[in-house]
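> From the sequence below, what's the structure:
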Amino acid sequence: NELSKRQKRVLKRRLSNCSALIVSSEYVKQHLIKNGIKINLIKVIPIGIEHNIFFPIIDLDSDVVEISPFAINRPYFIYSSRLSDTSKKHLELIKAFTLFKERTGLPHRLVLAGGEGECSKIINDAIVNNPYSSSILVTGFFPHQNVAKLYASATACIFPAVNEGVGLAVLESMACGIPVLCSDKGA
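Predicted coordinates for the structure are as follows:
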């Protein structure tokens, strides 16, 4: 998002005494440069993932994934992102899922795993008013140590966010061995 002139001034002033600025992705670096931060200050050091948690799980033959407090019927698509703002594209994903269900008739579900945020009410209202609402599950915040099984049991991770600084869910899903469908915007 573009910063206002005042926000740019405050950002420059606060960073003026820095000898270096470490960011998590090239996307964040380009955003800072676009908003007036000198390129020579910015160093990209990508975030890694915990491979002792996120890895392919081979023995997933069950039709139901039991991850307390949920028992989620398979098959399903997963989107792990806080219900925070419109750039996360939850509403568009719900519309796309509706089209998928109408056109294919497949039994897939959509699992939205992420904590509450500013857009929670709008997203929950869209789900309640959706003809496939019984196929959409919002888990709320999901403990980090359990999310790997949630990813590994999914058919695919769908990540439509267009303003993402890191996109950690994409890396974690790939590490769990599932296909990822994602936006080409952001990180």
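
> Show residues contacting the longest helix along the chain.
With DSSP state H setting the assignment, residue counts place helix 90-104 as the longest helix in the chain. Contacts made with helix 90-104 from outside it, assessed by C-beta atoms under 8 Å, 6 or more residues apart in numbering, are listed as 77, 79, 81, 83, 106, 108, 110, 112, 119, 122-123, 126-127, 130-132, 135-136, 158, 160. (C-beta placed from N, C-alpha, C; glycine too.)

> is it true that Ile72 lies in a strand?
Yes - checked against DSSP: H, G, I helix; E, B strand; the rest coil, Ile72 lies within a strand.

> How about it: what's its closest non-neighbour residue?
With C-beta to C-beta, 6 or more residues apart in numbering as the measure, Val65 is the residue that lies nearest to Ile72, at 4.7 Å, once sequence neighbours are left out.

> Quick one: residues contacting the spatially most central residue of the chain.
With distances taken as C-alpha atoms, centre = their mean, the chain has Ser81 as the residue nearest its mean C-alpha position (3.7 Å). Shown here is Ser81, whose contacts under the criterion C-beta under 8 Å, 6+ apart are Lys88, His90, Leu112, Gly114, Phe159, Ala161, Ala169.

> ok, now Cys176?
Contact criterion C-beta under 8 Å, 6+ apart gives Phe54, Phe55, Pro56, Ile57, Ala148, Tyr151, Ala152 as the residues in contact with Cys176.

> quick check: mean pLDDT across stretch 148-168?
Stretch 148-168 carries an average pLDDT of 89.

> what do you get for stretch 171-181?
Computed over stretch 171-181, the mean pLDDT rounds to 93.

> Endpoint to endpoint, it covers what distance?
Its start and end residues considered, stretch 171-181 measures 12 Å (C-alpha to C-alpha, to the nearest Å).

> Could you confirm Tyr151 falls within a strand?
No - under the criterion used here (three-state DSSP), Tyr151 is helix, not part of a strand.

> Which of the three states applies to the closest residue to Val28 other than its chain neighbours?
In space, Val28 comes closest to Gly165 once its chain neighbours are excluded; the distance is 4.9 Å by C-beta to C-beta, 6+ apart. Three-state secondary structure (criterion: three-state DSSP) places Gly165 in coil.

> my guess is Gly165 meets Gln30, correct?
No - here Gly165 lies out of contact with Gln30, judged by C-beta atoms under 8 Å, at a distance of 11.0 Å.
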